[in-house]
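A.B. asks: Output the structure for:
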Amino acid sequence: MTLLAALGVALLAACEAPTPEPDLTPVRFTDVTATCGLDFRMYSGSQVKNYIIEAKGGGGAFFDYDGDGWLDIYLVNGSRLAGYPDSAQAPTNALYRNMGDGTFADYTHAAGVGDAGWGMGCAVADYDRDGDLDLYVTNYGPNVLYRNEGNGQFRDVGKIAGVDLAGWSTGATFGDYDLDGDLDLYVAQYLHFAPERVPPRGGMWKGVLVFAGPLGLAGAQDALYRNEGDGTFGHVTRQAHVERAEPTYGLGALFCDYDRDGDPDLYVANDSAPNFLYRNEGDTFREIGVAAGAALSAAGVAQAGMGIAYGDYDRDGFGDFLVTHFEDDYNALYRNRRDGTFAVVSAAAGLAEPSLPHLSFGTCFIDYDNDQDQDLFVANGHVYPQMRHLNPDEYAEPNQLFANQGPTRAYRFAEVAAGDLSQPAVSRGAAKGDYDNDGDVDLLVFNLDGPPQLLRNDGGNQRNWLSLRLVGRGLGAKVAVSSGGVEQIAEVVSGGSFLAHSDERVHFGLGANATADWIEIHWPSGRVQRLEDVAANQFLGVEEPGR
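C.D. replies: Model prediction:
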């Protein structure tokens, strides 16, 4: 079955029967942060968290900035306030280069990317089409666009390019919404916020004094920038119909073609307000989140949208959304009905009850065991340190991994233990990528007021796999792989999770199959490329034909 045929038809369960395979050792994630050279600590204001600004942040990226085939790591820092040791020394963001031997070295100064603003997150893309990856950093304060110079160094061109948006920016995503061949940029914003205008610890939660917001504070307007193709961007928020009369509290943002009509749509997770689903209608968008069923809970109530996972968890050819939320509420799994609408299926998929005790942020679909279906990772951590007075385990929380049980169990998820992954932390963003190039996908978790966690996947490569790097206009491409009668599809995106960016290589688990029967790539240009009988267990670079 071709990709085009699969778009409107669910795969038959009979075609998805797993190939028999030998007994496998359980997969374990090992925390290698302390031994791999990631000597970094994230700071976010005071430890008391008097203000909401101090509880957010915690983003970063897996990306290959120097083009050597190994994933490097960018870590976004916050800022210190009075009360921290060495408060006069401003923390900065950091870039760690992958040395190819399991270790990382600090290249922040050499690369020129040590922004000292109050950082939130980042997004990565080749916005200037020169063949290397550039970096956009969102801040509480002016944002930064680092152009990759191709020689191991970056240059801040945010002001020149017109994207040094001030205020409080959060999630960012690149995508070619107007299909003109260059990448545009969407930036979510959270609040119009100044500490002097908000009383410290002016809110209540479960009878405890905590910081105030976001409800009761003014939301900020998101921004859409059109790439003009000359190194600059035009602010087209109003022209493209994504300006809101009453701005809400934007946190997550992702360009993705959810309706498979060939142009990138836009999904935005909003805190304490309905999510936005902007359907692309050419040069403009139309917001249809509520009508499409992707904005609210199953009961029709707005939730506290934080992070976004996007992937085809039920293997029907269409991407689904998972949006993370506050404690005492469930993470919302929006199943794509393939007709432009979504159904909230958190309970049916086994994800509602396990998420209720947790406050969740970063998230991603990940085939951690290479068994040909998308599992799910969720990073957890509370926002109120004062909750420790009610329960010592209430602030730092364990992260969660959910195994997809496949078609025979209606694609339900089951929470699984996997080594160091569940160590309690105050986690925020999360990114996925095979940093050690061993054929299984690792995790990078960004933690508030502490070091990150680099979680090495040990044992996921016992099954076969295939990783594709698209050369050309790869962002926005859809890739389908058929192996052993099972079809999978993935879309190359920028941003997502919570304030984070994951490896742009497209990873497929192939189970017990030693080959992919065929691979079909739908490039954003409209070109379709097909490869057949591709051997498993390799990193394959695929160049767009005729570019």
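A.B. asks: Quick check: what element follows the helix or strand of the chain with the lowest mean pLDDT along the chain?
C.D. replies: Sorting the helices and strands of the chain by mean pLDDT, DSSP states H and E puts helix 3-6 at the bottom, at a mean of 36. Per DSSP states H and E, helix 3-6 leads on to strand 28-31 as the next helix or strand towards the C-terminus.
A.B. asks: Which strands and helices lie in contact with that next one?
C.D. replies: strand 453-458 (3 or more C-beta pairs under 8 Å, 6 or more residues apart in numbering; DSSP states H and E). For glycine as for every other residue, the C-beta is placed from the backbone atoms N, C-alpha and C.
A.B. asks: Relative to the strand it packs on, what are the paired strands and their orientations?
C.D. replies: strand 28-31 (antiparallel), strand 442-447 (antiparallel) (DSSP bridges).
A.B. asks: Off-centre distance for the first one?
C.D. replies: A distance of 20 Å separates the C-alpha centroid of strand 28-31 from that of its chain, computed with C-alpha atoms, centre = their mean, to the nearest Å.
A.B. asks: Please identify the buried residues of that strand?
C.D. replies: By neighbour count on 16 or more other C-beta atoms under 10 Å, the buried set for strand 28-31 is 28-31.
A.B. asks: Please, where are all the strands along the stretch 401-547 of the chain?
C.D. replies: 413-416, 427-433, 442-447, 453-458, 464-471, 478-483, 486-491, 500-501, 506-511, 515-522, 528-535, 539-543 (DSSP state E, counting those that start in this stretch).
A.B. asks: Compile these into CSV and extend it with columns for distance to residue 138.
C.D. replies: Output for these, formatted as CSV (distance: least, C-beta to C-beta, whole Å):
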stretch, distance to residue 138
strand 413-416, 30
strand 427-433, 11
strand 442-447, 13
strand 453-458, 22
strand 464-471, 25
strand 478-483, 27
strand 486-491, 22
strand 500-501, 11
strand 506-511, 25
strand 515-522, 30
strand 528-535, 34
strand 539-543, 30
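A.B. asks: quick one, which of these is packed in tightest?
C.D. replies: strand 500-501 (a mean of 32; mean count of other C-beta atoms under 10 Å).
A.B. asks: now it: how far from the chain's centre is it?
C.D. replies: On C-alpha atoms, centre = their mean, the centre of strand 500-501 falls 5 Å from the chain's centre.
A.B. asks: pLDDT averaged over it, what's the number?
C.D. replies: Average pLDDT, strand 500-501: 98.
A.B. asks: returning to what we had before: residue 288: which of the strands of the stretch 401-547 of the chain is closest?
C.D. replies: strand 486-491 (19.4 Å; C-beta to C-beta).
A.B. asks: sorry, back to before: need the strands paired with strand 453-458 in CSV (columns: distance to residue 380 and mean pLDDT).
C.D. replies: Shown next, in CSV, are these (distance: least, C-beta to C-beta, whole Å; pLDDT from 0 to 100):
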stretch, distance to residue 380, mean pLDDT
strand 28-31, 15, 98
strand 442-447, 10, 98
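A.B. asks: among those, which is nearest residue 171?
C.D. replies: Of the strands paired with strand 453-458, nearest to residue 171 by C-beta to C-beta is strand 442-447, at 13.4 Å.
A.B. asks: out of the strands paired with strand 453-458, which comes closest to residue 170?
C.D. replies: Nearest of the strands paired with strand 453-458 (C-beta to C-beta): strand 442-447, 13.5 Å.
A.B. asks: Nice, that's everything, thank you.
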